[in-house]
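A.B. asks: Can you look at this prediction? I've put the sequence above it.
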Amino acid sequence: MKQYENLASIYDRMIDVNYDEWLNFIEEYLRRKEIILKGKKTLELGCGTGNMTLRLRPRGMEITALDISDDMLTLAQEKAFKKRFKINFLNQDMVDFELNRKFDLIFSFCDGYNYITDEESLANSFHKVFTHLNNQGVFMFDISTQHKLKDIIGGNTFTMNDEKLCYIWDNYYEKDILEMYITFFVPEGKLYKRIDETHVQRAYSVETLIKLLHKTGFSRVEVLEDYSFNALKDESIRATFIVEK
């Protein structure tokens, strides 16, 4: 199933994320680990339209960013070109990517792993990360928690209606799987263009992810709340994993 095929052009308008806070956390966390960002070979999985990619690049890292969506990559490349940033964008799947090099840091932001809905594919992605990560390297990613997908989004309908964007977002949750059916109406001149998207995410327990990461071979796994130094709670909506090889 292709997701984000039609959504790329309006993605940045509908995502409510404080990317700068995420960046501040990353910088402070790695500073405490005495890891200097400048010069680090960095890989971003599921980079989307490049919102975090373009924030990381000015820190002096050598960045490769991949995504399965051509449309999202096109927008990311356009943003990088306008800022004159040199970033290696690749059209690959984070489940089975293959690059002929290793990295010091690997990131995946904004629910990338929720979109991998079976454990075999998830384990394969972790294995790919492990083989592409240098020894003593750091792998950082986030997920939307079970609480968020089941109790906040699942079974609910959300709507938005303003001059630039309208949508109806229906959600159905069953057996850890969240199905999202979104209809957008985007103004084009005096008319509106309709865009229909179906997205599927899986809610993973923290315990399941930790077990798979250790099974892959990672030596240390830390889990925090939403790119902060706070401990993860039952009501947390996002979990951030920091993993060391």
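C.D. replies: Sure, I can see it.

A.B. asks: Helices of the chain, residue ranges please.
C.D. replies: Assigned by DSSP state H, the chain shows helices spanning 11-14, 19-32, 53-56, 70-83, 119-132, 146-147, 206-216.

A.B. asks: Now those helices in a markdown table, please, with extra columns for mean neighbour count.
C.D. replies: Heads up, the C-betas are built off the backbone N, CA and C, glycines and all. As requested, those are exported to a markdown table (neighbours: other C-beta atoms under 10 Å):
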| stretch | mean neighbour count |
| --- | --- |
| helix 11-14 | 14 |
| helix 19-32 | 15 |
| helix 53-56 | 22 |
| helix 70-83 | 16 |
| helix 119-132 | 18 |
| helix 146-147 | 18 |
| helix 206-216 | 16 |
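
A.B. asks: Switch these over to JSON lines; also include distance to D196 and mean pLDDT.
C.D. replies: Putting those into JSON lines (distance: least, C-beta to C-beta, whole Å; pLDDT from 0 to 100) gives the following:
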{"stretch": "helix 11-14", "distance to D196": "15", "mean pLDDT": "66"}
{"stretch": "helix 19-32", "distance to D196": "27", "mean pLDDT": "97"}
{"stretch": "helix 53-56", "distance to D196": "28", "mean pLDDT": "96"}
{"stretch": "helix 70-83", "distance to D196": "15", "mean pLDDT": "94"}
{"stretch": "helix 119-132", "distance to D196": "25", "mean pLDDT": "98"}
{"stretch": "helix 146-147", "distance to D196": "27", "mean pLDDT": "97"}
{"stretch": "helix 206-216", "distance to D196": "31", "mean pLDDT": "97"}
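
A.B. asks: what comes into contact with stretch 115-131?
C.D. replies: Residues outside stretch 115-131 that contact it (C-beta atoms under 8 Å, 6 or more residues apart in numbering): 3, 45-46, 94-98, 106, 113, 139, 177, 199-202, 204, 208, 212-213, 215-218, 245.
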